[in-house]
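# Build me a structure from this.
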Amino acid sequence: MAQITVVDQNNNEIGKRELNPNVFGLEPDAGYVHRVFTALASAQRSGTRKTKTRAEVSGGGKKPWRQKGTGRARQGSIRATQWRHGGIAHGPKPTVFATRINRKERQRAMRLVLSDALREGRLVVVNKIDLPEIKTKSFIQILSNLNADSAVVVLAEPDRNVQLSGRNVPRTKIVLDGQLNLFDLLKTERVILTEAAVDKLEERLG
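Below you'll find the model as predicted:
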């Protein structure tokens, strides 16, 4: 079973903790993580070109003139493609980059990255993070104590003092356990979890 040292926010050792091997003890699988990561990254892309069809442009609900007897060609809408300000026929549409990744695949990728973080010594478990007031300097000191120049800090419950103190710190992000994602885990050097957040992650991912 995976085990880690629990520290306080001053990096003093508190004790040891057994971690769920189904969440923190998986063997590396870089190919799987890469596939899920690229799929999630592709899903965030949006197309850069788009034209409106006659169904999407505004107006044109009324027939401009009667069908017969005017001497003019029959028209059903002033938003047909041959009209000025009409819809565009066969115009470019946004490219769909998304690749379907189901929930179990995303969760397994999260478990693999958390296991890698533990194996590489990037994972830190603190008993709690407590700030008596909103003060960025105090939060930066906690990060310094934990040797974290770049970190994602995971809380179990919202904490206004902690979240507001750390929101402007460069290369640092504070999230709740349900907001943690693959991007945050991969782009930061340290993953800092409170013990309560570990409990919730093991419950959700285990």
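
# Could you chop this structure up by domain?
2-29+102-205, 46-96 (automatic domain parsing).

# Which of the ones you listed has the highest mean neighbour count?
domain 2-29+102-205 (a mean of 17; mean count of other C-beta atoms under 10 Å). Where you see a C-beta, it was placed from the backbone N, CA and C, and this is true even at glycine.

# how far does that domain sit from the chain's center?
Mean-position distance between domain 2-29+102-205 and its chain equals 15 Å (C-alpha atoms, centre = their mean, to the nearest Å).

# Next, the distance between the ends of it.
Using C-alpha to C-alpha, to the nearest Å, the end-to-end distance of domain 2-29+102-205 comes out at 15 Å.

# cool, stretch 122-135 as well?
Terminal residues of stretch 122-135 are spaced 25 Å apart (C-alpha to C-alpha).

# could you give the mean pLDDT of that stretch?
Mean pLDDT, stretch 122-135: 94.

# Spell out the secondary structure type for the nearest residue to V96 once chain neighbours are set aside.
Closest residue in space to V96, ignoring its immediate chain neighbours: G47 at 7.5 Å, by C-beta to C-beta, 6 or more residues apart in numbering. Judged by DSSP: H, G, I helix; E, B strand; the rest coil, the three-state class of G47 is coil.

# Name the next helix or strand following the helix ranked longest in the chain along the chain.
Secondary structure of the chain per DSSP state H: the longest helix is helix 103-119. Helices and strands here follow DSSP states H and E; after helix 103-119, the next one along the chain is strand 123-126.

# quick one: strands adjacent to that next one?
Here strand 123-126 has these sheet partners by DSSP bridges: strand 2-7 (parallel), strand 190-194 (parallel).
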